[in-house]
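> Predicted structure and sequence below. I'll ask about it afterward.
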Amino acid sequence: MNRAHQHLASVLTEAMRNLGSAQPHVILEKPRDPSHGDVATNAALTHAKELGRAPRAVAEALVGRLALDHDLIESAEIAGPGFINFRFAVPYLHSIAARALRDADHFGESDELAGHRVLIEFVSANPSGPLNVVSARAAAVGDSLVRMFRARGATCEAEFYVNDAGNQVRLLGESVRARYETECGSPAAIPEGGYHGEYLIELARSIRQRYGDHFHNQPAEDAARELGRLAVQHFVDDQRKTLSDFGVPFDRWFFEDELRTQNAEWQALEELRRREATFEREGAVYAATSRFGDVQDWVIVTSDGRPTYFLPDVAYHLNKYDRGYDRVINILGPDHHTFSSRMKAALRALGRDPEKLEVILLQHVTLLRDGEPVKMSKRAGQLIEMRELIDETGVDAARYFFLLRRTSTPLDFDIELAKRHTQENPVYYVQYAHARIESIFRKAGIGYPAGDVDLRPLTAPEELDLLRRLRELRDVLVETTGGRDPHGMTVWLRDVATQFHKFYENCRVLTAPAELQAARLVLCRATQMALQKGLAFCGVCAPREM
RNA sequence: GCCCCCGUAGCUCAGAAGGAUAGAGCGAGAGUUUCCUAAACUCUGCGUCGGAGGUUCGAGUCCUCUCGGGGGUACCA
């Protein structure tokens, strides 16, 4: 919370107590209608009953008792049924610009979440092919969330879980071997349920170039295993590179194989058994998740003795819990909607706090080209890869587009729109505001302003409204991290850009009298810092020229 | 059948923890450059918040039911 809000909260609480409220509960909100001021409270309405007086009477008594600091709050007005509306004082608004220049690269940041440890797992695509566009959305959302949590002082780590063990990897190895054998001149069929993507042909070809007929002369099983390992290595490297080019670094790549070599999945099974959270039916072992809040039970060991993916997953989450995070967040695709209740039930069964685990279900991405859907099918091998998308639209447009909708909403991503350099494209609107500011400084030719400028000449509505917007960055961070959805940042960025463009049209900088010009240059610089920060949270660059 | 997500302007979507007359962008129409980048700005029209009940001072927001759209529902990962 910032200074003005803190002040209001304490002054209001104090006044409520004076009026006889036992436990004042003050809520401050931003009125929808800007003519209602900057901050409003409904305290008079919510406490009318307790105080035995009409809401408006309570409001009047309250306002009469408020010891307002007029450097922060200019006025308090009673409105409607008993709302009290406050307006920021101009000196307070001015202090926001000064602060932006002082804080510079750290503008909007805070230490509210200091000591709070958050783990966000996202993308975690199988190492069986290149990343697709759904992974791209997850990457954009996850990485932005990480950046935003850090800006609030939390210790936040990004993790990618690699399923490099189990049945799918075996199938991958056999599929690669089939392609490899075909390259060697003895055509082989892709196994049932195997991978048909054409990228495996290229991979098999490059493996043969490097290793010759080495695997051709091996027993099929050994060859498949080793080729599987090579394929995993190749795709993990490829995915890492793609994500890195997308501006998405991970703090840790967690390999399922690590868990398996430590027998972690069997230890998890033992612990489930010890806590009597398993049962057997028709030769298979089930986790009795329905007794712990899930709608059904799940097989964890098949009747032929293989663990299903769920068991190592439980082991993995025990591992995360043991690492001591306050929050364990997973960003998953919509096909994993059963994951949350299943894993929480398992954790509850194991005596862990299921509330620490949070699952964000990211809805689908429909790729369009001028309004026409682009078909994606991994099985058929005609997938649109994340790589192609980035190469075609550029990182900035792609990352911004992925944040343009709430995570719970399916996203239509029109490639042609993202490429277009017109006003239909929302990325450029924001970037343009930043470039325009830079251009003012370029023309002025005096470098960036220092913070110790008299800002009192800033009195125009466009100037004050712009300052109001800049102040909101912290609120936006609270909202995006709290709601686990970075989308709100794009809304705010657009609003800042709009407000700046209005200012730009109505308040000329370079032709203004010296003192006004100096103050406006500070405002421009503050806006630039805000835009840079906001865009950086989205993983989008702030160009100096366009 | 069961589970998850979504129904708000012509289109795409915002709407904090329940608040005041429900907002943007795009599209459509009309304007604005002797002036710091017109990738901009200004003005105009646009709504039974899918429907019905309920909770209360007050509901787009919470609860129940219902209709519609999308996705998922393996001893696969």
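Cool, the structure landed. Residues are numbered from 1 along each chain as shown, chains lettered A, B, ... in the order given.

> so who does the most centrally placed residue in chain A touch?
The centre of chain A sits closest to residue A:145, judged by CA atoms, centre = their mean, with a distance of 3.0 Å. Residue A:145 is in contact with A:120, A:156, A:329, A:331, A:480-481, A:484, A:486, counting by CB atoms under 8 Å, 6 or more residues apart in numbering. Bear in mind the C-beta positions are built from the backbone N, C-alpha and C, glycine included.

> and which of these is nearest RNA strand B?
Checking the contacts of residue A:145 against RNA strand B with CB to the nearest atom of the strand, the nearest one is residue A:480 at 9.4 Å.

> surely that closest one meets residue A:149?
No: applying CB atoms under 8 Å, one finds residue A:480 not in contact with residue A:149, separated by 9.3 Å.

> for the contacts of residue A:145, which one is nearest residue A:409?
residue A:486 (13.3 Å; CB to CB).

> Just the pLDDT at the spatially closest residue to that closest one that is not a sequence neighbour, thanks.
Nearest non-adjacent residue to residue A:486, counting by CB to CB, 6 or more residues apart in numbering: residue A:144, 3.8 Å away. Residue A:144 is assigned a pLDDT of 95 by the prediction.

> in the helix or strand hosting residue A:144, what counts as buried?
For residue A:144, the host element (DSSP states H and E) is helix A:133-151. Residues A:133-151 are the ones in helix A:133-151 that count as buried (16 or more other CB atoms under 10 Å).

> Output that helix as CSV, nothing but the C-alphas.
What follows is helix A:133-151, C-alpha atoms only, in CSV (Å, rounded to 0.1, in the frame of the first residue of the first chain):
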residue,chain,number,x,y,z
VAL,A,133,2.2,-22.6,-29.2
VAL,A,134,0.4,-23.7,-26.0
SER,A,135,3.8,-24.0,-24.4
ALA,A,136,4.6,-20.5,-25.7
ARG,A,137,1.6,-19.1,-23.9
ALA,A,138,2.6,-20.9,-20.7
ALA,A,139,6.1,-19.6,-21.1
ALA,A,140,4.9,-16.0,-21.5
VAL,A,141,2.5,-16.2,-18.6
GLY,A,142,4.8,-18.1,-16.3
ASP,A,143,7.9,-15.9,-16.9
SER,A,144,5.9,-12.7,-16.4
LEU,A,145,4.5,-14.0,-13.1
VAL,A,146,8.0,-14.8,-11.9
ARG,A,147,9.2,-11.3,-12.8
MET,A,148,6.2,-9.7,-11.0
PHE,A,149,6.6,-11.8,-7.9
ARG,A,150,10.2,-10.8,-7.7
ALA,A,151,9.3,-7.1,-8.1
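
> starting at the chain centroid, how far to that helix?
Relative to the chain's own centre, helix A:133-151 is displaced by 4 Å; criterion: CA atoms, centre = their mean, to the nearest Å.

> need the next SSE after it, C-terminal direction.
strand A:155-162.

> any weak-confidence spans in chain A?
Where chain A drops to pLDDT under 70, the residues are A:1, A:375-384, A:423.

> domain ranges for it?
Under the assignment automatic domain parsing, the domains of chain A span A:3-88, A:167-229, A:423-537.

> Does RNA strand B have contacts with the longest one?
Yes: with CB under 7 Å from any atom of the strand as the measure, domain A:423-537 is seen reaching RNA strand B through A:423-424, A:426, A:428-429, A:432, A:435-436, A:438-440, A:442-443, A:475, A:479, A:482-483, A:487-488, A:491, A:494, A:497-498, A:501-502, A:504-505, A:507-511.
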